[in-house]
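Colleague: using only what follows, build the 3D model:
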Amino acid sequence: MNKKALIEALIFVSDKPLSIKRICYITGLREDEVRDLIEDIKKDFEKEERGFMLVETPSGFEFIVKPEYREFAAKVSPFSDLSPGMLRTLAIVVANGPVKQSTIVKYQGNKAYSYIRALEKKGLVKTEEFGRTKIVSVSSDFEKYFGMNPEEIREMIKKKLESS
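Modeller: Take a look at the predicted model:
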């Protein structure tokens, strides 16, 4: 069995990022071997012109669409791994960010806590303690995921609103 192809297949079919430990558990391979194979996969994808790439997020490894193809791919599957509630929460953070968690909860109710945790786990937002609440802001992985930084998104929204 081709170990590199096995790891590639696991990451491809997983509905969430896979950690090194999880890959080791599933395959029975050693951690150093999995790390080396993942590096080989990354190099393969860098050499070939592909529409997606392998990235490491705080939750593990996953394939994502390259930024230059996201606009087109979104028409087929617009961020299907983010629930509508998570997208609304992210929109609040992008539009107002950094923003107090209590403000997000005011708009979305108590479910906002789980949306924020899920977005943080995906590496799209980060939180820091601020008195009895938290400050929520986009993370550095936000731009990797969406192919745009928050300022570009705000500007795009502003232009659309002005043209309406």
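Colleague: skipping its backbone neighbours, what lies nearest residue 137 in space?
Modeller: Leaving aside its chain neighbours, residue 137 sits nearest to residue 98 (3.7 Å; criterion: Cβ to Cβ, 6 or more residues apart in numbering). C-beta here means a position set from N, CA and C on the backbone, and glycine is covered the same way.
Colleague: burial measure for the one you found, as a count.
Modeller: Neighbouring residues of residue 98 were enumerated by other Cβ atoms under 10 Å; the total is 15.
Colleague: and it, what's its pLDDT?
Modeller: At residue 98 the predicted local distance difference test score is 91.
Colleague: that one against residue 136, yeah?
Modeller: Yes. Residue 98 lies in contact with residue 136 (Cβ atoms under 8 Å); the separation is 6.5 Å.
Colleague: and stretch 69-77, average pLDDT?
Modeller: Within the predicted structure, the mean pLDDT of stretch 69-77 is 71.
Colleague: tell me how far the residue nearest to residue 137 lies from residue 125.
Modeller: To residue 125, residue 98 is 9 Å away according to Cβ to Cβ, to the nearest Å.
Colleague: shared neighbours, the two?
Modeller: 136-137 (Cβ atoms under 8 Å, 6 or more residues apart in numbering).
Colleague: just the helices in the chain please.
Modeller: Secondary structure of the chain (DSSP state H): helices located at 3-13, 20-27, 31-47, 67-73, 84-96, 101-108, 111-121, 141-146, 150-163.
Colleague: kindly report the domain assignment for this structure.
Modeller: The chain breaks down into these domains under automatic domain parsing: 3-73, 84-163.
Colleague: so where's the chain shaky on pLDDT?
Modeller: Under the criterion of pLDDT under 70, the regions of the chain flagged as low confidence span 74-80, 147, 160, 164.
Colleague: buried stuff in stretch 119-134?
Modeller: Residues of stretch 119-134 classed as buried by neighbour count (16 or more other Cβ atoms under 10 Å): 119-120, 122-127, 134.
Colleague: list the contacts of the residue nearest to residue 137.
Modeller: Under the contact definition (Cβ under 8 Å, 6+ apart), the residues listed for residue 98 are 135-137.
Colleague: let's have those in TSV, adding neighbour count and distance to residue 157.
Modeller: Supplementary listing: the contacts of residue 98 in TSV, determined by neighbours: other Cβ atoms under 10 Å; distance: Cβ to Cβ, whole Å:
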residue	neighbour count	distance to residue 157
135	16	22
136	27	19
137	17	18
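Colleague: need the helices of the chain in JSON lines (columns: distance to residue 53).
Modeller: Below are the helices of the chain laid out as JSON lines (distance: least, Cβ to Cβ, whole Å):
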{"stretch": "helix 3-13", "distance to residue 53": "11"}
{"stretch": "helix 20-27", "distance to residue 53": "18"}
{"stretch": "helix 31-47", "distance to residue 53": "5"}
{"stretch": "helix 67-73", "distance to residue 53": "9"}
{"stretch": "helix 84-96", "distance to residue 53": "22"}
{"stretch": "helix 101-108", "distance to residue 53": "31"}
{"stretch": "helix 111-121", "distance to residue 53": "21"}
{"stretch": "helix 141-146", "distance to residue 53": "9"}
{"stretch": "helix 150-163", "distance to residue 53": "20"}
